[in-house]
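**Q** Generate coordinates for the sequence data below:
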Amino acid sequence: MKAVAVIPRQPNSMHLADLPEPDLNAVPNGRGVRVAVLRVGGCGTDKEINAGDYGAPPPGFDFLVIGHENFGRVVEVGPAVRGLAPGDYVVATVRRPGHSLYDQIGTYDMTTDDTYYERGINLLHGYLTEQYVDDPEYIVKVPPSLKEVGVLLEPCSVVEKGITEAYEIQRRLHIWRPQRAAVLGAGPVGLLAALVLRLRGLEVVVMARTPPPTRQSEIVAALGATYLSSKETSLTAAAQTHGPFDIIFEATGAASVAFEAMDVLGKDGVLVLSSVTGGDEKLEVPAAHINMGFVLGNKVMVGTVNANREYFEAGVRDFALAEALYPGWLARLLTYRVQGLAAWPDFLQHLTNDHDEIKVYLEVAPD
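**A** Numbering: from 1, shown residues only. I've put the predicted structure just below:
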């Protein structure tokens, strides 16, 4: 079968590869689930892997099938599988267990191992192919009512994890009731963070560079949230006008923004960092002031990256609620469709060039 792959660490090596069809018996004890891939979303991770920044092939291969934002339909299950049947729509998690204690108890997204296993990213083939086989532990059922937006569940799982962790950490305060939040960045993760925070009843300000009106500003307004341009309003000014912010969700990809967010976070607040920032950027920051603010203000900073099934399931619940409260909102994030694996050059072009898209996705096969 066909797959879109790269040669890891070799820049601009994306190509159409041949991959053996997956064997249901590759998962032992009759627990195999074969899934036909329907859609795969693209993101900065795919772009960076194609640029040669990171990634490793599975043992026995010199290429890595990319794509981790997946959505598909079950076509076959092993005799020991319960709760999944042919015809079910599903999304699969990305990280797989390693060897740490956290891996062994199902929180494999919190591994302390230096070597990690992620489909489409490191040591495991991804989902930009026709089919895959996996264990039901890593496959989450999606109701048919969400089939048009199910490809957004993987990025939303990262959001769900970060926001859930913020609430979990603040259980220490017993009566923490966040009222106001800022989301920094209006890409897919930022917009999904705004959605999840609005579903929890918070007032939300989304900050991005481009002044309104934009596609993103209209989508933010449809949530009853506020959109501000960082070119027109600083984060400090936004905090003075719309804050104090109890939660700040950072999704810009710029390390400098994280330090400014540390400075303006409200007392007893939580800063959630979701950007994976590479390079060797160096900054001058008011370190003493930030440190004092965190100590005297009982502030918290936490990172979020990939997720286990708990957070995928939370995403399914929130997507269902979003469809009831904001019908059609999620579909507005899916701004560019590429048809078929052979059209991977178009997929790559829209990932790497500024086309004012929110979410680019490849439709592997029609439903």
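
**Q** the strands in the stretch 101-250 of the chain, which residues?
**A** Using DSSP state E, counting those that start in this stretch, the strands found in the stretch 101-250 of the chain span residues 117-119, 123-124, 131-134, 139-142, 180-184, 203-208, 226-229, 247-250.

**Q** wait, which of the ones you listed is closest to residue 309?
**A** Nearest of these to residue 309, taken as Cβ to Cβ: strand 139-142 at 5.6 Å. In this view, the C-beta of every residue, glycine as well, is placed from N, C-alpha and C.

**Q** ok, the closest one: who's next to it in the sheet?
**A** strand 89-92 (antiparallel) (DSSP bridges).

**Q** Dump the C-alpha coordinates for the strand it pairs with into CSV.
**A** In CSV, the C-alpha atoms belonging to strand 89-92 read as follows (Å, rounded to 0.1, in the frame of the first residue of the first chain):
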residue,chain,number,x,y,z
TYR,A,89,-15.1,5.8,13.4
VAL,A,90,-12.0,6.2,15.4
VAL,A,91,-9.0,8.3,16.3
ALA,A,92,-5.7,6.8,17.5
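
**Q** who touches it?
**A** Contacts to strand 89-92, defined as Cβ atoms under 8 Å, 6 or more residues apart in numbering, come from residues 33, 35, 70-74, 84, 119, 127, 132, 134, 138-144, 146-147, 150-151, 153-154, 312.

**Q** Which of these are buried? Put it as a PyMOL command.
**A** Those of the contacts of strand 89-92 that count as buried under 16 or more other Cβ atoms under 10 Å are selected in PyMOL with:
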select buried, resi 33+35+70+71+72+73+74+84+119+127+132+134+138+139+140+141+142+146+150+151+153+154+312
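
**Q** Dump the strands of the stretch 101-250 of the chain to JSON lines, plus distance to residue 54.
**A** Below are the strands of the stretch 101-250 of the chain laid out as JSON lines (distance: least, Cβ to Cβ, whole Å):
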{"stretch": "strand 117-119", "distance to residue 54": "10"}
{"stretch": "strand 123-124", "distance to residue 54": "11"}
{"stretch": "strand 131-134", "distance to residue 54": "22"}
{"stretch": "strand 139-142", "distance to residue 54": "26"}
{"stretch": "strand 180-184", "distance to residue 54": "24"}
{"stretch": "strand 203-208", "distance to residue 54": "26"}
{"stretch": "strand 226-229", "distance to residue 54": "32"}
{"stretch": "strand 247-250", "distance to residue 54": "21"}
